[in-house]
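> Got a predicted model here, sequence first, then my questions.
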Amino acid sequence: MNNQEFITRRKVLMDELIDDSFALMASGEAMHKTWDQFHKYIPNRHFFYLTGLKRENFILFMAKDGDNYLEYIFIEEATDYSNKWIGKRLTKEEVNQISGIDIKNILFVQDFKDFLANRVLTDSRVAILSRTPVHLYLDLFRYKKMKKPMSYEYFKDVIDNYPELIIKDLNTIISNYRRLKSASEVEEVRKAVEYTRAGIEAIMRSVKPGMNERSIEALFEYKVKEAGSSGISFDTIVASGKNATILHYVENDQNIKDGDLVLLDLGALSNLYAGDITRTIPANGKFNERQKALYEMVLNVNKKTIEKIRPGIFVKELNDFAKDMLAEGAVNLGLIKEKSEIDKYYYHGVSHYLGLDVHDTGTYSEVLAPGAIVTVEPGIYVEEESIGIRIEDDVLVTKNGHENLSKAIIKEVKDIEEFMK
């Protein structure tokens, strides 16, 4: 991804900021796991979106000073110890090449507090702004209601020591930008879907009754990495038999029985962009008649819902359409008597945004527009028959309609059975 894209994104963002304001964003850090161990670092997606950088403990500073925009980034300083024990740190030159931030504005993170106190939040001759800013933009995303945004903890010293600053939300602005993808972002998702296809096809070649679900999970991760992916985009779901009626089943620890359907909800990464695909396959390579009837019903809803995707339609319309079709199909198959009973067997939405996050950011109160990528994932979950079926594709909204990015991943009954022979 060219650094000009990150430069443009920051410029567009700063256009949105009010005068006499500055913004701070942290790249995040690895969470503590236990004793002296830490979880693997997961890059802050907003930070990556603005900089292209995937390193922890960095801080991005942006300011709007009248018609002038300023940007600085604070990075970890490479030391002999860090290079030998942790790994090579990025140099200022590398940060400049990736992000496009002027090399003279790349400073070390240990100088951040002094920079803020003596060059930003001050009325002095060395101040970089013509007026002391009164507004501070932070990422106010909260992962749970009634939880304080993580930025409040990360920048606690700034907030506590400068209570006169008026806090503004950066998250809402960036989230809406991320909803519509650029051409280069679409290509990353396309590659993520291709990596995912490699993993799914490996599973179809290998799965058989008696295997444990965790073996399938391990095979998928191995194959997508072998294909070139950096890893999985979310915890893989390998749900056989009745397990497939649990939406977020992640234990993946049961032996697969002869006659089971196996629901695979999985995805690979490409440069942090996610694929998110679901396929449901017969463990022994052949659908029985009941499985086939339910599968064909879900597949029909999947294909008809994809056909409706175009600019100008709300995601809610897709959800309502898919649910109504599933209800009608369930009545026809004798699964339910009235369409209103469908909630017993279908209990989730049919679409969500996809991008840097699997459930990507963006408002659902606006219609779909070119550049949005959404999933289409109808399902049916019949616990009493130990059958769970979901079929999910990743679909790009285009100027004149849509493009199914995952169309190469087979889903027709005859194609699956032929492939698994």
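Received, thanks.
> now the residue of the chain most remote from its centre: how far from Arg119?
What lies farthest from the middle of the chain is Arg125; by CA atoms, centre = their mean that is 44.4 Å. Separation of Arg125 from Arg119 (CB to CB, to the nearest Å) stands at 11 Å. For glycine as for every other residue, the C-beta is placed from the backbone atoms N, C-alpha and C.
> List the contacts of the residue nearest to the spatial centre of the chain.
The chain has Asp357 as the residue nearest its centroid, 1.2 Å off, counting by CA atoms, centre = their mean. Asp357 makes contact with Arg45, Ala274 under the criterion CB atoms under 8 Å, 6 or more residues apart in numbering.
> Checking my notes, the residue farthest from the centre of the chain in a strand, right?
No: Arg125 is assigned coil when assessed by DSSP: H, G, I helix; E, B strand; the rest coil, not a strand.
> And the residue nearest to the centre of the chain, how far from Lys144?
The gap separating Asp357 from Lys144 is 16 Å, by CB to CB.
> now Thr363
The spacing between Thr363 and Lys144, counted by CB to CB, is 20 Å.
> Check Arg119 too.
As defined by CB to CB, Arg119 lies at a distance of 36 Å from Lys144.
> Check Lys92 too.
Taken as CB to CB, the span from Lys92 to Lys144 is 37 Å.
> And Ser230, by the same measure?
Relative to Lys144, and taking CB to CB, Ser230 is found at 27 Å.
> Leu138 now?
Separation of Leu138 from Lys144 (CB to CB): 17 Å.
> which one of the two has more residues nearby?
Leu138 (23 against 6; other CB atoms under 10 Å).
> pretty sure the more buried one is touching Leu24, no?
Yes: Leu138 is within contact range of Leu24, at 6.2 Å (criterion: CB atoms under 8 Å).
> hey, what's in contact with both of those two?
Residues touching both Leu138 and Leu24 by CB under 8 Å, 6+ apart: Ser151, Phe155.
> so which strand or helix has the closest residue to Gly228 other than its chain neighbours?
Once flanking residues are discounted, Gly228 sits nearest to Tyr195: 6.4 Å by CB to CB, 6 or more residues apart in numbering. Using DSSP states H and E, Tyr195 sits within helix 183-206.
> before we move on, back to that, the residue nearest to Gly228: what's it in contact with?
The neighbours of Tyr195, taking CB under 8 Å, 6+ apart as the test, are Val224, Ala227, Gly228, Ser229, Ala268, Leu269, Ser270, Gly275.
> Only the buried residues of stretch 392-412, if you could.
In terms of neighbour count (16 or more other CB atoms under 10 Å), stretch 392-412 has its buried residues at 392-397, 402-406, 409-411.
> Please identify which pair of those lies farthest apart.
Distance extremes for the buried residues of stretch 392-412: the farthest pair is Val397 and Ile410 at 23.5 Å, using CB to CB.
> where do the strands sit along the stretch 301-421 of the chain?
For the stretch 301-421 of the chain, applying DSSP state E, counting those that start in this stretch gives strands covering 373-376, 379-382, 387-390, 393-398, 401-404.
> so can I have CSV of those showing mean pLDDT and distance to Glu328?
Listed next are those as CSV, based on pLDDT from 0 to 100; distance: least, CB to CB, whole Å:
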stretch, mean pLDDT, distance to Glu328
strand 373-376, 98, 17
strand 379-382, 98, 12
strand 387-390, 98, 16
strand 393-398, 99, 21
strand 401-404, 98, 23
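> Turn those strands into JSON lines, columns for distance to Ile203.
Shown next, in JSON lines, are these (distance: least, CB to CB, whole Å):
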{"stretch": "strand 373-376", "distance to Ile203": "19"}
{"stretch": "strand 379-382", "distance to Ile203": "19"}
{"stretch": "strand 387-390", "distance to Ile203": "15"}
{"stretch": "strand 393-398", "distance to Ile203": "17"}
{"stretch": "strand 401-404", "distance to Ile203": "21"}
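> Out of those, which is closest to Pro163?
Of all the strands of the stretch 301-421 of the chain, strand 373-376 comes closest under CB to CB, at 41.5 Å.
> what's the closest one in contact with?
181, 186, 189, 276, 302, 305-306, 309, 315, 318, 322, 350-355, 360, 368, 392-397, 405.
> List the buried residues of it.
Result for strand 373-376 [16+ other CB under 10 Å]: buried residues Ile373, Val374, Thr375, Val376.
> can you check stretch 69-84 too?
For stretch 69-84, burial by neighbour count (16+ other CB under 10 Å) applies to Leu70, Glu71, Tyr72, Ile73, Phe74, Ile75, Glu76.
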